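In: Take a look and give me a structure for this.
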Amino acid sequence: MTGFGRLRLLSAMALMFLLAVTLSTVAGAQQKTTITFWMAGGTDDSIPLVRRLITEFEAKNPNIAVRFQVIPWAEDPHMKYQTAAVGGTLADVFTMGSPFEHVLAGAGVLEPLDRYISNETRNDFFPQFIANSTCNGKLVALPWFGSVRALFYRRDLLAAEGIPEPTTSWTWEEFLSYAKRLTKDLNGDGIIDQYGFGTSGRYVSQYQPFVIQNGGNFVDEDRMLATANSPEVLEAMQFYVDLVRVHKVSPPGISTILLNEIQKMFAEGKVAMFFDCEDTAINFDKEPSLKGKFGIGLLPHRKQHAAFAGTDVIGLSSKSKNKDAAWKFIDFMVSPESMAQYCLVSGFSPARRSLADHPGFQTPLRQAFIKQLEIGGYFYFRTPKSSAISRIVRTETQEALEGKKTVQQAMNDAQKQLQEELGRP
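Out: This is a model prediction of the structure:
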């Protein structure tokens, strides 16, 4: 072979090599999987953290890219999820407030996670959280964090009235007495400037605790029977509505007011007590104007203790085309390391056993919520009909708060609608 021929052969071989490398690079790029992740809610602190966690995940999994979108609670992410599921545009992975996973699971929207999760990982979650996200024997979501609503109170306002701090749970009678004393016209102009108790008819979690504290509930979940007009429920709801309409210890417009308005009034000293979660306490604790002025106590009790508890969970779409990649991302986001970071920033409580002794969760503020959960935390209805139950109970409660119906009429109407919704005569 001549020198020229050998040169041509070498050139051809080099070309083939370059072509092979190029094709390999293109093929590698084409193999990269993109998944979508929607997060319900979030704050100025937690959203940047989630972005950093996503960057960390992508670095550890270079063949997976995550497209991230935040959907604020004000935009009703749950409704958006349902609409997207019908339209076939739901994200691969998404967070939601429990028990909404039961609504989506009932509609076939969620992929069961049992075949993905290891026994070691499953056993590291607190059993009540796993049970809460199990639907018809299948694990349909994983908890990202836990929370419970406790009693926020203004130390300075209670001290000014000589009211003891609720280091132990008050009775209903004590709670009412103190709420009335804390409702005041401060400047003598005939207008109330400070209210004893802030609440809102928009959220079942604000008044259901009174119902369960009295030994009742709107639905008997074991038998899926409506019990909204039982004596226990009627007595509790009368007590709640009377706080607003008779004793007038709550601000005007309470039937539809947003909780963040109550939070604002509390921070300004216009509301002395209200029910809320850990994240609000952590945010208040960062405010110099509130340092040392507020505390966290136990909710009042009647026949028993009860406080609304819940979780935000992460689910996998049953229609996802990249389920294995999506599971890898879920597994990373609920890992002890990621969960600890998120809970420390957001203020919520971790859902994994291995984080129980983490030093970041041993502060007095966090321990107050843990104490409330231990003595009387309960989860909402674990049923695909939970959203419908909330809508019915909320609407009728608002009617009673506005004086359009008596408590008896409102709960009778709720009973009838719940029976229809549950398919019971």
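
In: what comes up buried for the host helix or strand of residue 340?
Out: Secondary structure from DSSP states H and E places residue 340 in helix 336-346. Buried positions in helix 336-346, judged by neighbour count with 16 or more other CB atoms under 10 Å: 338-346. To be clear about C-beta, it is placed using only N, CA and C from the backbone, and glycine gets the same treatment.

In: immediately after the one helix or strand in the chain whose mean pLDDT sits lowest, which helix or strand?
Out: Among the helices and strands of the chain, helix 3-30 carries the lowest confidence by mean pLDDT, DSSP states H and E, at a mean of 48. Counting by DSSP H and E, the next helix or strand C-terminal to helix 3-30 is strand 33-40.

In: Direction included, what does that next one pair up with?
Out: strand 64-71 (parallel), strand 93-97 (parallel) (DSSP bridges).

In: TSV for those strands, including mean neighbour count and distance to residue 168?
Out: Listed next are the strands paired with strand 33-40 as TSV, based on neighbours: other CB atoms under 10 Å; distance: least, CB to CB, whole Å:
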stretch	mean neighbour count	distance to residue 168
strand 64-71	17	40
strand 93-97	23	30
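
In: quick one: which of the ones you listed is nearest residue 148?
Out: Between residue 148 and those, the shortest gap by CB to CB is with strand 93-97, which sits at 13.7 Å.

In: Mind listing residues that contact that closest one?
Out: With contact meaning CB atoms under 8 Å, 6 or more residues apart in numbering, strand 93-97 is reached by 35-41, 77-78, 81, 104, 141, 144, 310-317, 320, 326, 329-330.

In: what's the neighbour count on the nearest residue to residue 301 once chain neighbours are set aside?
Out: What sits nearest to residue 301 in space, not counting adjacent residues and going by CB to CB, 6 or more residues apart in numbering, is residue 169, at 4.8 Å. A count of nearby residues for residue 169, using other CB atoms under 10 Å, gives 19.

In: Skipping its backbone neighbours, what lies nearest residue 45 in space?
Out: Nearest residue to residue 45 in three dimensions, chain neighbours excluded: residue 345, at 5.0 Å (CB to CB, 6+ apart).

In: In this structure the one you found contacts residue 42, no?
Out: No: taking contacts as CB atoms under 8 Å, residue 345 lies outside contact range of residue 42: 10.4 Å.

In: for the stretch 151-300 of the chain, what spans make up the helices?
Out: Secondary structure of the stretch 151-300 of the chain by DSSP state H, counting those that start in this stretch: the helices cover 155-161, 172-181, 208-213, 231-245, 259-267, 278-285.

In: so how far is the fourth one from its chain's centroid?
Out: Averaging C-alpha coordinates over helix 231-245 and over its chain gives two centres that are 26 Å apart (CA atoms, centre = their mean, to the nearest Å).

In: And the third one, by the same measure?
Out: The chain centroid and the centroid of helix 208-213 are separated by 19 Å, computed with CA atoms, centre = their mean.

In: Same question for the second one.
Out: Mean-position distance between helix 172-181 and its chain equals 29 Å (CA atoms, centre = their mean).
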